[in-house]
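Colleague: sequence first, then the predicted structure:
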Amino acid sequence: MSTKLALSAAANLRRIVNDNYLRAHQGAAAGKFVVWAAIIVPLELLHGFDLVVCVPENHAAMCAARGVGAQQCQKAEAAGYSMDLCSYARIDLGTALAGGEGSPSMGQPRPNLLISDNNNCSLLVKWFDAVQRMSGAGHFVIDAPFCYQPQRPADTRYLEGQLRAMIRAIEGLTGQRCDMDKVGQAMAYSDQACALWKKLLSLAQSRPAGITAFDTFAHMAPYITSLRGTKELVDHLRLLVDEIELNMAMGKCPVPDERYRLLWDNIAPWHQLRAMSSRLAGLGANIVSATYTACLGSLEGRIDHYPYDGGDPLAYLARMQNFSVCPHGLELRARAMAALIERYGVDGVIFGSNRSCKVYSVMQMDLQRLMAARCGAPAVMIELDHADGRKYSEEAAFLRIEALLEAIDAGRTMPAA
Ligand code: SF4
């Protein structure tokens, strides 16, 4: 937890994430079937089976947040993987090559099946292919159409068909039947978790904000593990929201002298959560919202919760393949960003140009231009890598961030036209 305000929730976060990795290792040691699934894969369906489920992107983010991202990347680079590849892939490949050494969770148990999804990027599919070659596990790929506009019915049906095929593949490999009652229960928990998530984000609307985006970066971790679809995650988010609301009622907030309300665009800078939030707070600046966390539980450039109506789980999960930012076209991204600027009273935008995640970064110059034209929001672009700290310079980044704060001040003193 970056702001040191919700201390019980911070302790609980560490406990549930650590326990989840421990259970994964114990389950694998006991002979359970191990699936590695990408973040975008509908994990709720996997709750219909008795499996160990690991999410490699989460493991990589955890390594980066706990300060070992670059070291694990170097292990993959020593084996010939290019430094230009996504740092998530390098961290996980390096960790697998080192037999888990150096990872806070001792890596992830060896997979029996990999499930990737080209929704966010195609690099992820190639990364999972590399793990397939190392482990001999099968690899199921979900092919998701790009998202320039709300999903077409034909695309929903195409995705539903693949989710059905995924269930059949797991049934065939494990000899288990998918228990749709358990899937329904997981869907209900996910929906409750999303509603609490949106409540948490809304606590940044007040002035000063009750949270920073760094809190949401930290506490999204369990959402992108097999804890999604469980009561444990719902209970965690309820504890967090209750604790922050209590803080707010007592007048406690992360940046009491809040003069600049900022929006963050890109994946969380995992290796900088504490350093960046502290330095910003010292400048009276708070990142109150982030495109990365606002999209959870929403659809196609909208920021409100897209609730589960209790109907066909496959239809809903196919539809929710369009929640994340990376596959969105420019207009959907601009719509979401403009809505966040308005809702959170944002003064300026920090675009993190991410050396690893080209798909998140590729439209940022256009977005910068659009946000200036549509919302009058000044912005800066800083260079970073979300999980490899070697590609980030704090001084260079803060030179630009301070220039942004000056531009906001200058805008405030300009006479109205
Ligand atoms: S390039 Fe971006 S979307 Fe692809 S795996 Fe890396 S972080 Fe995820």
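Modeller: In hand now; what should we look at? Numbering: from 1, shown residues only.
Colleague: number of residues surrounding the residue in the stretch 251-400 of the chain positioned nearest to the ligand?
Modeller: Closest residue of the stretch 251-400 of the chain to the ligand, C-beta to the nearest ligand atom: C357 (3.2 Å). Placement of C-beta: from N, CA and C, glycine included. A count of neighbours around C357, defined by other C-beta atoms under 10 Å, yields 22.
Colleague: how about it, nearest residue that isn't a chain neighbour?
Modeller: Nearest residue to C357, sequence neighbours excluded (C-beta to C-beta, 6 or more residues apart in numbering): I267, at 5.7 Å.
Colleague: try F146
Modeller: Closest to F146 by C-beta to C-beta, 6+ apart is P327, at 5.6 Å.
Colleague: just checking, that neighbour touches C147?
Modeller: Yes: between P327 and C147 there is a contact under C-beta atoms under 8 Å: 4.6 Å.
Colleague: contact residues of the stretch 251-400 of the chain facing the ligand?
Modeller: Within the stretch 251-400 of the chain, the positions near the ligand by C-beta under 6 Å from any ligand atom are I267, C326, S356, C357, V359, Y360.
Colleague: helix or strand: which one has the residue in the stretch 101-250 of the chain that the ligand sits nearest to?
Modeller: With C-beta to the nearest ligand atom as the measure, C121 is the residue of the stretch 101-250 of the chain nearest to the ligand, at 3.3 Å. Following DSSP states H and E, there is no helix or strand that holds C121.
Colleague: swap in A9?
Modeller: helix 7-29.
Colleague: counting contacts, what elements does that helix pack onto?
Modeller: Contact here means 3 or more C-beta pairs under 8 Å, 6 or more residues apart in numbering; DSSP states H and E; on that basis helix 7-29 packs against strand 34-37, strand 52-54, helix 213-219, helix 231-249.
Colleague: show me the contact partners of that helix.
Modeller: Where contact means C-beta atoms under 8 Å, 6 or more residues apart in numbering, the residues beyond helix 7-29 that reach it are 1, 4, 34, 52-54, 59, 62, 105-106, 108-110, 218-219, 221-222, 225-227, 232-233, 236, 239-240, 243-244.
Colleague: run the last query once more with 6 Å
Modeller: 1, 34, 52, 54, 105, 109, 221-222, 225, 227, 232, 236, 239-240, 243 (C-beta atoms under 6 Å, 6 or more residues apart in numbering).
Colleague: buried among the residues you listed? Need that as a selection in ChimeraX.
Modeller: To isolate the buried subset of these in ChimeraX, counting by 16 or more other C-beta atoms under 10 Å, use the following:
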select :1,34,52,54,105,109,221,222,225,227,232,236,239,240,243
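Colleague: just the C-alphas of the helix holding A9, formatted as CSV.
Modeller: The C-alpha coordinates for helix 7-29 follow below in CSV (Å, rounded to 0.1, in the frame of the first residue of the first chain):
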residue,chain,number,x,y,z
LEU,A,7,-3.1,-0.5,7.0
SER,A,8,-5.3,-3.5,7.7
ALA,A,9,-6.1,-3.8,4.0
ALA,A,10,-2.5,-3.5,3.0
ALA,A,11,-1.6,-6.4,5.4
ASN,A,12,-4.5,-8.4,4.1
LEU,A,13,-3.4,-7.8,0.5
ARG,A,14,0.1,-9.2,1.1
ARG,A,15,-1.4,-12.2,3.0
ILE,A,16,-4.0,-13.2,0.4
VAL,A,17,-1.5,-12.8,-2.5
ASN,A,18,1.2,-14.8,-0.7
ASP,A,19,-1.3,-17.5,0.4
ASN,A,20,-2.5,-17.8,-3.2
TYR,A,21,1.0,-18.5,-4.5
LEU,A,22,1.7,-20.9,-1.6
ARG,A,23,-1.6,-22.8,-2.4
ALA,A,24,-0.5,-23.0,-6.1
HIS,A,25,2.8,-24.6,-5.2
GLN,A,26,1.1,-27.0,-2.7
GLY,A,27,-1.6,-27.9,-5.1
ALA,A,28,0.9,-28.7,-7.9
ALA,A,29,3.0,-30.7,-5.5
